[in-house]
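Asker: Attaching a predicted model along with its sequence, questions to come.
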Amino acid sequence: MPLWILLITLTAAGTFLLELADVDAAALFAGLVVAAVLAIAGYAPRATAAPNPDDTDTPDTPIVPRPVFLSAQGVLGVFIGTMADPDTLSGLGSSWFPVLVMGLGTLVLSVAGGTLLGLHKQVDTLTGALALVAGGASGLVALTRELGGDERMVAVIQYLRVALVTVTIPIISSWVFGASSAPVSAAGPGLVDQAWGLLLLAVCIGIGAPLGRRLHLPAAGLLGPMALTTVAELTGIAANAEVSPVLLAVAYAVIGWQAGLGFTMPRLRAIGRVLPLAVVLIVGIGVGCAALGVLLSVWTHESMFDCYLATTPGGIYAVLAAATAAGGNVAFVVAAQILRVLLMLFVAPFAARWAARRMST
């Protein structure tokens, strides 16, 4: 118990500091780093659980209790599902089909890059594909273990991608398009909306997770509630329900712990050997997405800048800041980004499994 208290306290402090720096999913990143440091230092709390049979680093991989982790998956799934707000997605207007095609193009680039990463001797194809999927980093980390991949590798490379994209957006916006960016603050959900959110969580997790397992969805604990919430949003049943920021932060932290507690020095060294190739592939995917942005601009006649932001492979808050400061078509950009995230999380698990099967035959 003292080790769990230490983990929780340090994660809370790290989350506070990262939120001051406007880091996306701060609690997940803090939980990942704190748990990894404690695990490597030998101060990781351990729960009673079967070890990961795919883990060759240690026979006793620390793990968050499964009911807690599945609950965190469900909370995250519902939160992502609430992004499918019809009013927001209507910002695409008649351009929804070109945006969808470019989203599928981004998925193809991601899986192709992941397949190349899977050629590295330290990475299997499934892990490589999930690590380079351009969107939904937190969701991908949450579902990797369920799919049989290495969540530690996926977590590090996914957040490396987010960091690189977030840093380069204002640079490219300024140097290439002559646009500036400014911080964007969003008001938190009201108490009434959070209360409805609790009901939405109870229904979508209670029904979505078992239904997902019955339908044999990969990572049913996340995709089941996410699918049910998406339907509730698109049909208007969800109304203004919002997930409590506190519950979401706890879910993020739990998902970060799940990946971080499995770190060992051998695994850390292995990830370090993979990072140079991962950086090259992340840059390659970013360039490919920029090319998709050019095609999207030609197809939809939206500005080149807006289409660059709409097809950027991550960094949605940096994208929003750049679009807002430059007076761009914010509704179009945000809707395209949300559609990309939903597409990645719904389709990527199946695409990653397909790529892994093809490479193994």
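Answerer: Everything's here; your move.
Asker: Roughly how far does Ile255 sit from Ala220?
Answerer: 16 Å (CB to CB, to the nearest Å). In short, each C-beta sits where N, CA and C put it, glycine included.
Asker: the more surrounded of those two?
Answerer: Using other CB atoms under 10 Å as the criterion, Ile255 and Ala220 rank with Ile255 on top: 30 against 24.
Asker: Helix or strand for the residue nearest to the more buried one when sequence neighbours are not counted, just tell me which one.
Answerer: Leaving aside its sequence neighbours, Ile255 sits nearest to Ala142 (CB to CB, 6 or more residues apart in numbering; 4.8 Å). Element membership of Ala142 [criterion: DSSP states H and E] is helix 137-147.
Asker: Any buried residues in that helix, and which?
Answerer: The neighbour-count check on helix 137-147 (16 or more other CB atoms under 10 Å) flags 137-147 as buried.
Asker: got the phi/psi numbers for Gly136?
Answerer: For Gly136, the backbone dihedrals (degrees, to the nearest 10) come out as phi 70, psi 50.
Asker: Surely it is in contact with Met344?
Answerer: Yes: between Gly136 and Met344 there is a contact at 4.9 Å, judged by CB atoms under 8 Å.
Asker: Can you list the helices and strands that the lowest-mean-pLDDT helix or strand in the chain packs against?
Answerer: Least confident helix or strand of the chain, by mean pLDDT, DSSP states H and E, is helix 316-325 with a mean of 79. Judged by 3 or more CB pairs under 8 Å, 6 or more residues apart in numbering; DSSP states H and E, helix 316-325 is in contact with helix 151-175, helix 304-311, helix 330-360.
Asker: Can you say which of the ones you listed is nearest to Thr264?
Answerer: Of all the helices and strands packed on helix 316-325, helix 151-175 sits nearest to Thr264, with 9.0 Å by CB to CB.
Asker: Closest to the centroid, which residue in this protein?
Answerer: Ala137 (2.0 Å; CA atoms, centre = their mean).
Asker: show me the contacts for that one.
Answerer: 25, 158-159, 161-162, 314 (CB atoms under 8 Å, 6 or more residues apart in numbering).
Asker: Could you report the separation of the residue nearest to Ile255 from Cys307?
Answerer: 30 Å.
Asker: Relative to the whole chain's centre, how far out is the helix or strand hosting Gly103?
Answerer: Element membership of Gly103, judged by DSSP H and E, is helix 96-117. What separates the centre of helix 96-117 from the centre of its chain is 15 Å, taken as CA atoms, centre = their mean, to the nearest Å.
Asker: just stretch 130-140 next, same as before
Answerer: For stretch 130-140, the distance to the chain centre is 5 Å (CA atoms, centre = their mean).
Asker: burial count for the closest residue to Ala335 other than its chain neighbours?
Answerer: Take Ala335 and drop its neighbours on the chain: the residue closest to it by CB to CB, 6+ apart is Gly91, 3.7 Å away. Look at Gly91: counted by other CB under 10 Å, it has 18 neighbours.
Asker: what about Arg273, how many residues close to it?
Answerer: For Arg273, using other CB under 10 Å, the count is 12.
Asker: what is the rounded mean pLDDT of the helix or strand that contains it?
Answerer: Under the criterion of DSSP H and E, Arg273 resides in helix 265-300. Here helix 265-300 scores 94 as its mean pLDDT.
Asker: So which elements touch it?
Answerer: Against helix 265-300 (3+ CB pairs under 8 Å, 6+ apart) you get helix 26-41, helix 96-117, helix 151-175, helix 304-311.
Asker: Highest mean neighbour count across the ones you listed, which stretch is it?
Answerer: Neighbour counts (mean count of other CB atoms under 10 Å) averaged over each of the helices and strands packed on helix 265-300 peak at helix 304-311, with a mean of 26.
Asker: Phe79 and Leu248 touch, don't they?
Answerer: Yes: with contacts counted by CB under 8 Å, Phe79 reaches Leu248, the gap being 5.5 Å.
Asker: between the two, which one's more packed in?
Answerer: Neighbours per residue (other CB under 10 Å) separate Phe79 from Leu248, with Phe79 holding more: 24 against 21.
Asker: I would like the residues contacting whichever strand or helix holds Trp4, please.
Answerer: Assigned by DSSP H and E, Trp4 belongs to helix 2-20. Residues from elsewhere that reach helix 2-20 (CB under 8 Å, 6+ apart): 26-27, 29-31, 33-35, 38, 43-45, 249, 253, 256-257.
Asker: Low-confidence stretches in the stretch 151-300 of the chain?
Answerer: Applying pLDDT under 70 to the stretch 151-300 of the chain flags residues 179-188.
Asker: Could you verify my assumption that Thr228 touches Leu215?
Answerer: One thing to correct before we go on: residue 228 is Leu, not Thr. No: the criterion here is CB under 8 Å, and Leu228 misses it with Leu215 at 11.3 Å.
Asker: just to revisit the earlier point, how about the helices and strands packed on helix 265-300 in CSV, adding distance to Gly74?
Answerer: Shown next, in CSV, are the helices and strands packed on helix 265-300 (distance: least, CB to CB, whole Å):
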stretch, distance to Gly74
helix 26-41, 15
helix 96-117, 24
helix 151-175, 17
helix 304-311, 30
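Asker: quick one: secondary structure of the closest residue in space to Met344 that isn't next to it in sequence?
Answerer: In space, and not counting its chain neighbours, Met344 is closest to Gly135: 3.5 Å by CB to CB, 6+ apart. At Gly135, secondary structure determined by DSSP: H, G, I helix; E, B strand; the rest coil is coil.
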